[in-house]
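>>> Please find the sequence and the predicted model below.
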Amino acid sequence: MGDSESLSEATSGAIGSLLSTTILYPLDTCKTKYQAEVRAHGQRRYRHLSDVLWETISNGQFLSLYQGLGTKNLQSFISQFVYFYGYSYFKRLYLEKSGSKKIGTKANLLVAAAAGACTAIATQPLDTASSRMQTSAFGKSKGLWDTLTEGDWSNAFDGLGISLLLTSNPAIQVGVTGFIKYTVFDQLKLKFLKGNQASLSAFTAFLLGALSKSIATCLTYPAIRCKVMIQAAEADENNHNKKAKRKASKTLSGVVFAIWRKEGVTGFFKGLHAQILKTVLSSALLLMIKEKIAATTWVVLLAIRRSLLAQNGRLKSA
């Protein structure tokens with residue numbers, strides 16, 4: 001029964017992520033291109049987030065805002081499936097081993113961190129590829145395989161260190177970072193459920209998801225922007241000097257120095273409003289959709305399991 005519960009959580013979470021990613025993808029593309037740009041010689045190509053959108057409209061390339069959508073959806077589906085399965089599995093394992101009836105805040109933190117670390121490692125290549133596709137010139141994005149194989153395979157894991165930091169460092173993660181929003185969501189959910197109410201209303205789920213994620217976004221944004229810039233570094237430069245510059249741009253210290261030198265302290269928060277808008281909406285939609293389909297997913301999985309057991313019983317009797 002425990003495995004079925006973990007599978008139900010993972011499936012509903014993955015479906016919710018897939019839908020929210022597709023709905024908000026144009027905003028995500030604008031946000032990523034805006035984040036990846038560093039001001040050069042005092043000039044910017046995009047002064048506002050809306051400039052990215054107007055560029056696509058004026059050039060008749062609105063559909064280019066969807067470049068990399070397939071890769072992003074694949075990454076999002078696998079990411080949420082691995083996270084929700086891992087979170088549910090580790091949580092159940094802890095309760096079984098400890099003999100406790102409920103999980104405390106500290107234990108919940110460690111469970112979320114473990115699930116987040118597994119997710120980051122499993123999906124980093126797809127995350128890097130989707131970022132490069134989104135930041136490519138409109139209409140000139142390469143396919144998934146070409147994007148993953150340009151340069152050496154280590155390039156596919158650009159930004160992994162920051163991803164792990166955002167998901168598994170307890171000092172940063174206390175209640176606010178990475179996938180910890182789900183831990184906060186679970187605690188708030190228990191406070192809102194009353195009597196025999198089986199699930200949250202869609203509006204309440206939306207508000208709780210938005211609240212728990214907005215705090216995490218504000219506190220971790222400098223690291224988030226650095227990760228995007230590392231992932232978006234071009235991998236096909238042939239000139240020796242350009243290779244050297246790109247190598248520097250792929251290190252955390254190199255990116256931090258570049259932002260500090262060209263944009264100052266405020267540069268570390270460039271695009272924060274776009275990140276909050278996108279991640280809060282995405283997180284809220286994901287949790288709202290997951291909350292609404294979790295019960296249905298559970299019933300379907302139970303029906304499939306019973307059908308398979310019955311079929312095995314008939315085969316044995318035959």
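Done, it's in.

>>> which SSE is residue 74 in?
helix 69-98 (DSSP states H and E).

>>> Next, the buried residues of that helix.
69, 71-92, 94-95 (16 or more other C-beta atoms under 10 Å). C-beta coordinates here come from the backbone N, C-alpha and C atoms, glycine included.

>>> ok, now which ones touch residue 218?
272, 276 (C-beta atoms under 8 Å, 6 or more residues apart in numbering).

>>> Residue 117: neighbour count?
Close neighbours of residue 117, defined as other C-beta atoms under 10 Å, add up to 18.

>>> repeat for residue 142
Neighbours around residue 142, by other C-beta under 10 Å: 18.

>>> And the pLDDT at it?
Predicted confidence (pLDDT) for residue 142: 84.

>>> Contacts only, for it.
Counting by C-beta under 8 Å, 6+ apart, residue 142 has contacts 132, 133, 136, 150.

>>> what's the nearest residue to the second one if we skip its chain neighbours?
Residue nearest to residue 133 in three dimensions, not counting chain neighbours: residue 68, with 2.9 Å by C-beta to C-beta, 6 or more residues apart in numbering.

>>> pretty sure the one you found contacts residue 143?
No: taking contacts as C-beta atoms under 8 Å, residue 68 lies outside contact range of residue 143: 9.7 Å.

>>> Between these two, tell me which one has more neighbours.
More crowded of residue 68 and residue 143, by other C-beta under 10 Å: residue 68, with 27 against 13.

>>> quick one, what contacts the more buried one?
29, 129, 130, 132, 133, 134, 141.

>>> Also residue 229?
35, 36, 38, 249, 255, 258, 259.

>>> Can I get these in TSV including secondary structure and pLDDT?
Listed next are the contacts of residue 229 as TSV, based on DSSP: H, G, I helix; E, B strand; the rest coil; pLDDT from 0 to 100:
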residue	secondary structure	pLDDT
35	helix	86
36	helix	84
38	coil	70
249	helix	58
255	helix	87
258	helix	86
259	helix	87
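
>>> Neighbour-wise, which one of those residues leads?
That'd be residue 35 among the contacts of residue 229, by other C-beta under 10 Å, with 26 neighbours.

>>> ok, that residue touching residue 274?
Yes: proximity of residue 35 to residue 274 meets the contact threshold set by C-beta under 8 Å, at 7.4 Å.

>>> the strands in the stretch 201-318 of the chain, which residues?
Per DSSP state E, counting those that start in this stretch, the stretch 201-318 of the chain carries no strands over any range.

>>> so where's it uncertain?
201-213, 233-249, 294-295, 297-299, 301, 305, 312-318 (pLDDT under 70).

>>> Let me see the mean pLDDT of stretch 62-81.
pLDDT averaged over stretch 62-81 gives 88.

>>> can you tell me how far residue 65 sits from residue 258?
26 Å (C-beta to C-beta, to the nearest Å).

>>> wait, what's in contact with the most centrally placed residue in the chain?
Nearest to the geometric centre of the chain sits residue 76, at 6.4 Å (C-alpha atoms, centre = their mean). By C-beta under 8 Å, 6+ apart, the residues touching residue 76 are 17, 18, 21.
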